[in-house]
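In: Predicted model follows, preceded by the sequence.
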Amino acid sequence: MPQSPHAIGLAPALAALTWAMQPGEGPPKRAHHAVVYDAGAKRVLMMGGSTPTDGGRSSVTFDDMWAFNGTRWRRVPVGGERLSSMRVVFDPDRRWLLSLGGYDGRSSVGALRVLENG
């Protein structure tokens, strides 16, 4: 399959980048989280996910949400289920965050959840 000329041109720029931890508060490390971009507020929203504990024999599932504005992370106060592996979409017109499905640490969840004024 032919590569996009944009992808080819971007590769050297990406190779030159280095990642660094930023000082200050931020979300705990995790996997299986969901991320959306809120263009109106110019921020990335990250929620849920899980991280292994006890040498990978168990895991902790998160019920939190974090916002990143390009400079720093801020915890967003929301309540809800501890879920990982959910699918999310942000509706910029209604400012709704919609979340579908997920895994609660014991079984799959098929619910549709709506967070208004995201």
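Out: Ah, there it is.

In: By mean pLDDT, which helix or strand of this structure comes out lowest?
Out: Using mean pLDDT, DSSP states H and E, helix 5-15 stands out as the lowest-scoring helix or strand of the chain, at a mean of 61.

In: Could you point out the helix or strand that follows that one?
Out: Tracing the chain C-terminally past helix 5-15 and defining elements by DSSP states H and E, one meets strand 34-38 next.

In: residues contacting residue 115?
Out: Shown in contact with residue 115 (CB atoms under 8 Å, 6 or more residues apart in numbering): 78, 80, 96-99. Where you see a C-beta, it was placed from the backbone N, CA and C, and this is true even at glycine.

In: Strands - which of those land there?
Out: By the criterion of DSSP state E, membership of the contacts of residue 115 in strands covers 96-99.

In: From those, pick the one nearest residue 109.
Out: If you rank these by distance to residue 109 using CB to CB, residue 99 comes first, at 9.8 Å.

In: Quick check: beta-bridge partners of that closest one?
Out: On the basis of DSSP bridges, residue 99 is bridged to residue 88, residue 113.
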